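Novice: build me a model from this:
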Amino acid sequence: MIKNNFLFAGLITASVGSFLNAQCNAVSEFSENFDTLSCCNMGVVPSCWNSILTAGGGNQIISSTSPASSPSNVYQTGYNKVSIVVMPSLTNINAGTHHFKFKVRVNSGSGLLDFGYITDVDDATTFVTLQSITITNSTYDSTSERIFDVPTTVPANARLAIRNPGTTWAGHYWDDAVWEPKTALSTSDLKLNDFKIYPNPFTDVITLSDTKEIKQLKVTDVSGRLIRMIEKPSSKINLSDLKAGIYFMTIEFKDGKSQTVKTIKE
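Specialist: Sure thing, here's the model as predicted:
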């Protein structure tokens, strides 16, 4: 177990437990359903993955609790108790050619996980959120699959990760984690491709070409830091308070899909 002192969410946490695997070569794709693993030791993950549990009691195991999409899935829980599951090293994390997808559910109520990346598996504070994921489905249903693009600005040495920030009482289950090439556009993807944010570059106000199917808009800077989150945005959004620079606008649609647009504020 590796010990570090760190500050998280304004609270001093005594240490971090990082469950390390043997040296592994970076891969260009992976598909993991966790079915070769079983309950119930803390921090169990596949070979070449990592698990970080905070000293406050972060909980992450492999579970076979029903309903499961297969015999085994990842389980993360704990109010004010943080855990991070770190995926294998990738040769193409910032190439813009692949996306990450997985299936996720909660045991009850509403849950929240963070999808992002980490630059040091020995230091939980190096985790950067790319997108927070609100989860309300309690089964692996048609809404459970989530797909995420990864900005080309993510550091080449970073590793994708899922964090339970400990902000809800829900137990989070997830499975069928895949890093794969982006395929030919489906009909729904073509609709996303038609969506536009303009003008680009912009000065103070951006316009969304169509808002009726939009659930929320997230604005992040080049480091992946969340700057603004707007639920059910209007067609015109005033961003005059932002400094000049590059920003990523991530649109989350009601059907669970998302689209990220790189914009420049002058």
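
Novice: pull the distance from stretch 240-251 to the chain's centre.
Specialist: Chain-centre distance of stretch 240-251: 20 Å, with CA atoms, centre = their mean, to the nearest Å.

Novice: equivalent analysis for stretch 256-263, please.
Specialist: On CA atoms, centre = their mean, the centre of stretch 256-263 falls 14 Å from that of its chain.

Novice: so which residues make contact with it?
Specialist: For stretch 256-263, the external contacting residues (CB atoms under 8 Å, 6 or more residues apart in numbering) are 131, 143, 145-149, 151, 188-189, 192, 195, 197, 200-202, 206, 246-253. Backbone N, C-alpha and C define where each C-beta goes, glycine included.

Novice: which residues does residue 84 bridge with?
Specialist: Counting by DSSP bridges, residue 84 is bridged to residue 52, residue 163.

Novice: and the helices in the stretch 151-266 of the chain?
Specialist: Assignment of helices within the stretch 151-266 of the chain using DSSP state H, counting those that start in this stretch yields the ranges 187-194.

Novice: what segments of it are strands?
Specialist: In the stretch 151-266 of the chain, the segments counted as strands under DSSP state E, counting those that start in this stretch are 159-164, 172-181, 197-198, 205-208, 214-221, 226-231, 236-238, 245-253, 258-265.

Novice: I'd like those as a markdown table, with distance to residue 60 appended.
Specialist: Shown next, in a markdown table, are the strands of the stretch 151-266 of the chain (distance: least, CB to CB, whole Å):
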| stretch | distance to residue 60 |
| --- | --- |
| strand 159-164 | 7 |
| strand 172-181 | 10 |
| strand 197-198 | 37 |
| strand 205-208 | 37 |
| strand 214-221 | 25 |
| strand 226-231 | 23 |
| strand 236-238 | 37 |
| strand 245-253 | 26 |
| strand 258-265 | 25 |
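
Novice: most packed of these?
Specialist: Neighbour counts (mean count of other CB atoms under 10 Å) averaged over each of these peak at strand 159-164, with a mean of 24.

Novice: just the angle between that one and strand 172-181, please?
Specialist: In terms of direction (axes from the mean of the first three to the mean of the last three CA atoms, to 10 degrees), strand 159-164 departs from strand 172-181 by 160 degrees.

Novice: which helices and strands sit right next to strand 159-164?
Specialist: With contacts taken as 3 or more CB pairs under 8 Å, 6 or more residues apart in numbering; DSSP states H and E, strand 159-164 sits against strand 73-77, strand 83-86, strand 111-118, strand 127-135, strand 172-181.

Novice: since that was my last question, I'll sign off now.
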